[in-house]
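> I need the structure of the sequence given here:
(chains A and B)
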Amino acid sequence: MEHKQPSLLTRLKHKIRGSGDVNTKRVQRRLALKRTLTDKLPKIIFCLFATGYLWMLLIPFPHLGRTTYIDENALQPSQVNTYWDWADVHIADQYLGLLEQIRDGNYTSKERAEWLNMEFLKLGLTSSTQSYTFLSPVTGVNGTNAYAILPSARHSGTEAMVISASWLSRVDEGAGTVNIRGVSFVIALARFLKRYSYWAKDIIFVVSDGYLDGMQAWLGAYHGIQQKGLEREPLQHSSGVIWTALNIDYPGHSFSNLGIFFEGINGRLPNQDLINSLERIARYTAGVPVTLYDHIDPRENSLVNVEYAWVPRFLYSNPIIKAYIIRARNILRQLKYQATGRGSGVHGLFHQHRIDAITIFGLPAQGPHGFHAIGKTVESTLRTMNNLLERLHASFFFYIMAERGWFLKIGHYLPSAILISVAMMFQGLRKWVDAGWIEVDGTEKSDPSRVWVRRTRPVLPVLAIMILTHMSGLVLFVSLSSTWLSTNTYWLAYPFLVLFAAGIYVLFSKQTFARPNEAPLSLTLKALNLCFASTVISIIAVLNFSLSASLAIILGIPLSVSSSKGSTLSRLVRYLTYTYLSIGWRLHAPALAKQLLWNWHVLGVWLAPFVCIVYVPIVMQAGISCIID
Amino acid sequence: MLERLNTKQSSSLASSTLPNLPLTLLALGSLKIWIALTDVYDALKRSQELSSPMSSYSQLQEGIYLFEHGINPYSGGSVRHSPLLLSLFTTLFPKSRRAASVFWALSDVLGAWILVQIWRARQNVKGGWRDTLVAASYLLNPYLFLPSLALSTSTLENTLILATILLACRGRAAPSLLLLAFSTHLSLNSLVILIPVVLLLLSDPHSHLASPQPSKATLKRIGALIGTFVFYIFVLGSISTLVVNNLSWIPQTWGATLTLPDLQPNTGLWWYFFTEMFDHFRPFFLMVFTTHLLIYVAPISIKFQYDPLYATFILLGILGTFKPYATLSDPGLFFSMIAIFPEIYSYLRHPIVTALLHLHAGLLMPLFNHIWLSQGTGNANFFYATTLVFACANAAGLVDCIWAGMRLAIGQSGDKFEVVQE
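Presented below is the predicted three-dimensional model:
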């Protein structure tokens, strides 16, 4: 049977696999692949870094992303006739007059809230006040909120929406400008809304004291959440689950545009349907131009071109570059609000409780819009929110708003940070492999070439160093949080860190742990440090992209280039550079540190503990890997 | 962790620099009790990664309450703990939360002690510096530490399973099988390790990975031991029935493992699959998933018949990856047990990859759970995706251990050779 032709299948197999031992070929193939990958790894890592950083630069590019759209059919924005009219504007003006007397009459918080309470009661609403005190180690605050509930005529009161105004406007982060028209508008709106019976959800009106603190106390009490350092009265009246909230901020005489602020606490974003509905309603029902933040688009209003005077004319006249600059400005603003975790205003506090909320900000100007336009917008938006049958869920929760009506979805921006994180991971794994092998002279006389042999990695001491740094980060955080240390001895961190490094050096640099055939501590530390940093970046990316991107920018290259080679002096200099990178912010911006701590104690923003317990130790590890052997 | 132990094994750290076993247990045990007595339980009790409906402490408390008030705990739908556990907690075990925290911590210390004893039995040594590491790998493993702080009964199950294995290592058939029957009553899935435990009773716990040979166990002796086990199951079942007064405990405890009535998310692979499934496919896929767990018993027991302790270890890893109502403590047991098999370390192919996968999965699971259920910006797919990452991490560890266990028999190869799998 030897002359018989092999079957078609066998021939095909031969054609594809070739002849010879299958296993040998497989091993050869695998080795060849490994060799190629190993040889090309530095190039691959470089490409990953380059693509990642380039991608970040491309995020504001006008060809990336798409126009916004309404995803939830039930919303039907801008489909109703509004009834808010000049008579209501007149009433709002009258409330404004009264409020101006209160503002100028030096009323205390308590008296002011009582007055607001009386006004709500006069309208026939269920109303009350709530006093609170924050005892923060940084700066304590106290105040009194006033709130009223309009029960829904058509429903059992299991669902609610909130219209709120804080006493202080968001201008200069609540520096002291009174949100006077915002507050008078809320009272006038309460009076207006009571006339209609089509509300399917309770409407809660809240005039919170202070800038952020009042609403934080009110929301905590509403949801029954205990907060350390907060003494507050319980709420006398309550309603159902709050789904959506609008915060009104209208400090000026009139406004030119309605600005939308949407970033919440700890980087949460509201459902995009809310922003899009408001944008369409303002545009089509009230005829007000909408913008992101307080950035007026120079293409719509040529007066604002002044703000871009620093851009060379020949670039600015190019429409693509102009669009790029305008978008980059918006995106950097979002990056700032998201990465610091503080959110961009009072609405951000609602996000902690799974409430989609935004702030409508009347950009102070001499005209042309006022109570009439904001009233129509808010009335129609409330009608839209009233249509909701379930929580907002259809549209996007992960996005970057590039400009009004234009956004990037997650696939358009997330890969940038992830690519950098992957590059760091590959770099770490490469160092890990380097730590596991050493090249020695061949032992066989016939083959004197150098050969690679395995060596062990000192993983346990390295893990000990890493845990020690994170523990010292915890100590740093606790010491910053304590009142005495944060006010008197913030500079103490430096001698502390130098002592810490000296301790690490003495403990680990002496050859106590070094054994023949063991990898150097510094190499293993660098490998695990890079792997850990990469993990942190890629994991934070989904929760808070802006923070993750900032970490990728700050850590990506610096951690990859740490090394323990060179003279003692240069190593020491490198160590000090890393120390500066890790904790320099403490020296340069003590106010920032204070702000971060206040955010943590009062608002629960976890950036401060994250920086102390994760970021500082990670950079310190890179520094330590420069001074130990 | 693998690599850490790996380096430690060859470490020249003298035994004098490491504290001895009682001291380690005392130190780590007191640390554990100290942490357990804080309010950390309140923060962790609702965590779906740490306790499932089958092992949650709040459901156990509800069962105890109903039981003490003369109401059949199994007439409702929420209590899924064994009647044996309910009767023990109403009589012997502490009921207050703080006392329970101490009890759970002590159970972990006992588990660590047993693991050290298993290690000694396997290596045939009386003690040594590695005892400390073995104990630490059990007490400091976050996958075991956190469920214990959340008072998940899986902690008690793990201790029971370790005790079963230790007694089997010492050849004590009756108590070993009794404990296995007991842990089967607490969690039906423990049945999977019956065959290797029986084989272990019929051989010795020493490492034979390097020299495979057919098992000397005869079918007759295996049959006799399985008969004993069935007898214990029956006796404990009768006690359960007497305690409850009827058979309603069976569908609520064992039945729940087989029919998956509670689809609360957990770290396993079942819940999402069955939330998505049309009802008319349910019985079929329940059968497939359950059989899938049992399928591994025969090949693993046959392949590692020369080292049944290793077979038990592998099957525990399979349980941790594929069982219904999985929590972190199931794979945790598997990964802590790696400490007693130092001979395989040098044959592991990708310990760093496994460790990094676990780092990612371990951080992503609570995060995505938060994004889905607290923050509301994500959905079930987020958490499901991380449980897939977790399953990959578990599978990576498992496959690597199976490979290393078999590869060991071939021995170190020079540079000129490569061992491949056909």
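> Please report phi then psi for residue 50.
Reading this off chain A. Reported as degrees, to the nearest 10, the phi and psi values for A:Ala50 are phi -60, psi -50.
> Correction: the question concerned chain B.
Dihedral pair for B:Leu50: phi -100, psi -30, per degrees, to the nearest 10.
> Helices along the stretch 401-550 of chain A, start to end?
Ranges of helices within the stretch 401-550 of chain A are A:410-436, A:459-481, A:483-488, A:493-509, A:521-543, A:545-560, based on DSSP state H, counting those that start in this stretch.
> What distance do you get for B:Met406 to B:Phe322?
According to Cβ to Cβ, to the nearest Å, B:Met406 and B:Phe322 sit 20 Å apart. Placement of C-beta: from N, CA and C, glycine included.
> Looking at the stretch 351-500 of chain A, which residue is nearest chain B?
Taking Cβ to the nearest Cβ, chain B has its nearest neighbour within the stretch 351-500 of chain A at A:Phe397, 3.7 Å off.
> ok, now which ones touch B:Glu157?
B:Ser55, B:Ser183, B:Leu186, B:Ser187, B:Ser190 (Cβ atoms under 8 Å, 6 or more residues apart in numbering or on different chains).
> how about 10 Å then?
Neighbour list for B:Glu157: B:54-55, B:85, B:107, B:182-184, B:186-187, B:189-190, B:329-330, B:333 [criterion: Cβ atoms under 10 Å, 6 or more residues apart in numbering or on different chains].
> What's the local residue count around the residue in chain B that chain A sits nearest to?
Of all residues in chain B, B:Thr377 sits closest to chain A, at 3.7 Å by Cβ to the nearest Cβ. In terms of burial, B:Thr377 registers 24 neighbours under the definition other Cβ atoms under 10 Å in any protein chain shown.
> isn't there a strand covering it?
No. Assessed by DSSP: H, G, I helix; E, B strand; the rest coil, B:Thr377 does not belong to a strand; its assignment is coil.
> List the backbone torsions phi and psi for it.
Per-residue torsions, B:Thr377: phi -90, psi -20 (degrees, to the nearest 10).
> what's the answer for A:Thr291, then?
phi -140, psi 170.
> about what we covered before: so what's the residue of the stretch 351-500 of chain A closest to chain B up against?
Taking Cβ under 10 Å, 6+ apart as the definition, contacts of A:Phe397 comprise A:268-272, A:356, A:410, B:371, B:375-379.
> What of B:Leu356?
Contacts of B:Leu356 by Cβ under 10 Å, 6+ apart are A:Met425, A:Gly428, A:Leu429, A:Trp432, A:Leu528, A:Cys531, A:Phe532, A:Ser534, A:Thr535, B:His350, B:Ala393, B:Ala396.
> of B:Met406 and B:Phe322, who's got more company?
When B:Met406 is set against B:Phe322 and neighbours are counted by other Cβ under 10 Å, the residue ahead is B:Phe322, at 23 against 18.
> State the pLDDT value of that one.
In this model, B:Phe322 is scored at 93, pLDDT.
> Equivalent analysis for B:Ser12, please.
B:Ser12 carries a pLDDT score of 39 in this model.
> I'd like to know how many residues surround A:Ile400.
By the measure other Cβ under 10 Å, the count of residues near A:Ile400 is 25.
> That one: what's its closest spatial neighbour, skipping adjacent residues?
In space, and not counting its chain neighbours, A:Ile400 is closest to A:Leu408: 4.4 Å by Cβ to Cβ, 6 or more residues apart in numbering or on different chains.
> Tell me the helix or strand right after the host helix or strand of A:Asn330.
Remark: A:Asn330 resides in helix A:319-340, with elements defined by DSSP states H and E. Remark: after helix A:319-340, the chain's next helix or strand is helix A:347-350, criterion DSSP H and E.
> what is the rounded mean pLDDT of that next one?
The average of the pLDDT scores along helix A:347-350 is 94.
> Each with direction, which strands does the following helix or strand past it pair with?
Reading on from helix A:347-350 to the C-terminus, the next helix or strand found by DSSP H and E is strand A:356-365. Using DSSP bridges, the neighbouring strands of strand A:356-365 in the sheet come out as strand A:241-249 (parallel), strand A:254-261 (antiparallel).
> Now do the buried residues in stretch A:253-271.
Neighbour counts using 16 or more other Cβ atoms under 10 Å in any protein chain shown place A:254-271 of stretch A:253-271 among the buried residues.
> Let me know the closest of the contacts of B:Leu356 to B:Thr241.
Closest approach to B:Thr241 among the contacts of B:Leu356 (Cβ to Cβ): B:Ala393, at 40.5 Å.
> ok now do that closest one, which residues does it touch?
Residues near B:Ala393 by Cβ under 10 Å, 6+ apart: B:321, B:331, B:335, B:353-362.
> Quick one: classify it as helix, strand or coil.
helix.
> got the residues of the stretch 251-400 of chain B near chain A?
Residues of the stretch 251-400 of chain B found near chain A, taking Cβ under 10 Å from any Cβ of the partner chain as the criterion, are B:346, B:351-353, B:355-356, B:359-360, B:362-364, B:367-368, B:370-371, B:373-379, B:382, B:386.
> for chain B, what are the nearby residues on the stretch 201-350 of chain A?
On the criterion Cβ under 10 Å from any Cβ, chain B has as its neighbours in the stretch 201-350 of chain A the residues A:Gly264, A:Asn266, A:Gly267, A:Arg268, A:Leu269, A:Pro270, A:Asn271.
> 6 Å - rerun?
Residues of the stretch 201-350 of chain A found near chain B (Cβ under 6 Å from any Cβ of the partner chain) are A:Arg268.
> Identify the residue of the stretch 201-350 of chain A closest to chain B, quick one.
The nearest approach of the stretch 201-350 of chain A to chain B comes at A:Arg268, 5.8 Å away (Cβ to the nearest Cβ).
> wait, doesn't that residue sit right on A:Phe350?
No. At 9.7 Å, A:Arg268 does not count as touching A:Phe350 under the criterion of Cβ atoms under 6 Å.
> Output the contacting helices and strands for the helix or strand hosting A:Thr24.
When secondary structure is defined by DSSP H and E, A:Thr24 falls within helix A:22-58. Identification of packing neighbours for helix A:22-58 by 3 or more Cβ pairs under 6 Å, 6 or more residues apart in numbering or on different chains; DSSP states H and E yields helix A:410-436.
> So for stretch A:179-199, what gets flagged as buried?
Going through stretch A:179-199 with 16+ other Cβ under 10 Å, the ones that come out buried are A:179-194, A:199.
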